[in-house]
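In: sequence plus the predicted model coming up.
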Amino acid sequence: MSVHEHNEACGHDGDSDGEAATVQEMVSMMSRAGWRITDQRRTLARIFADTEGYLSPKDVYDQLAVKYPSVSFNTVYRNLRMLSDMGVLEQFYFMDGGLKFRANCAKHHHHHLICTNCEKTLSFDYCPMKEDLELPGSYRVLSHRFEIYGVCEECQQEGAKAIAR
């Protein structure tokens, strides 16, 4: 699957209809979870619908604080964690950038290759959980994530150009 296909599958194809659908899907998930749908939460959904990449809690706070100056960082962080727990957002931990979030692309099961330099993300359909796993005891897997961190082709080429100079 190409990056473009990944972005389309996850509602990040750049058109306003896709962004509106992503906002509506996120708001619907919040509503099904029993959340009161406030203008602040709609704005939170819009921030992620408008963003293809990852956002740190501070990035989200900074954007929300423009429209809602009284919002606290703790409230933003708590909402991000709860949205992640309910599957609205995906969370990733970057060694250099800490915890970051992005809109969940749960339209199909896949995993991610993530560039540690530019944070470009590619999806791939291989799933190690499809292999025969011999887990100890009667362990029952409820969910899983599989991410591979490395350096994308473009960043490798830029690095090679910088070394050649």
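Out: Cool, got the structure.

In: how near is D85 to M30?
Out: 12 Å (Cβ to Cβ, to the nearest Å). (Each C-beta comes from the backbone N, C-alpha and C, glycine too.)

In: between those two, which one's more packed in?
Out: The neighbour comparison of D85 against M30 (other Cβ atoms under 10 Å) goes to M30, with 22 against 11.

In: give the bridge partners for the residue nearest to the spatial centre of the chain, please.
Out: Geometric centre of the chain, nearest residue: R102, 2.4 Å, by Cα atoms, centre = their mean. On the basis of DSSP bridges, R102 is bridged to E90.

In: and what of S123?
Out: The partner list for S123 in beta bridges (DSSP bridges) reads H112.

In: surely it is in contact with H110?
Out: Yes - taking Cβ atoms under 8 Å as the definition, S123 is a contact partner of H110 at 4.3 Å.

In: which phi and psi does G98 have?
Out: Main-chain torsions, G98, degrees, to the nearest 10: phi 70, psi -160.

In: name the residues that touch the helix or strand hosting D62?
Out: Per DSSP states H and E, D62 falls inside helix 57-67. By Cβ atoms under 8 Å, 6 or more residues apart in numbering, the surrounding residues in contact with helix 57-67 are 40, 43-44, 47, 71, 73, 76-77, 80, 99, 101.

In: buried stuff in it?
Out: By neighbour count on 16 or more other Cβ atoms under 10 Å, the buried set for helix 57-67 is 57, 59-61, 63-64.
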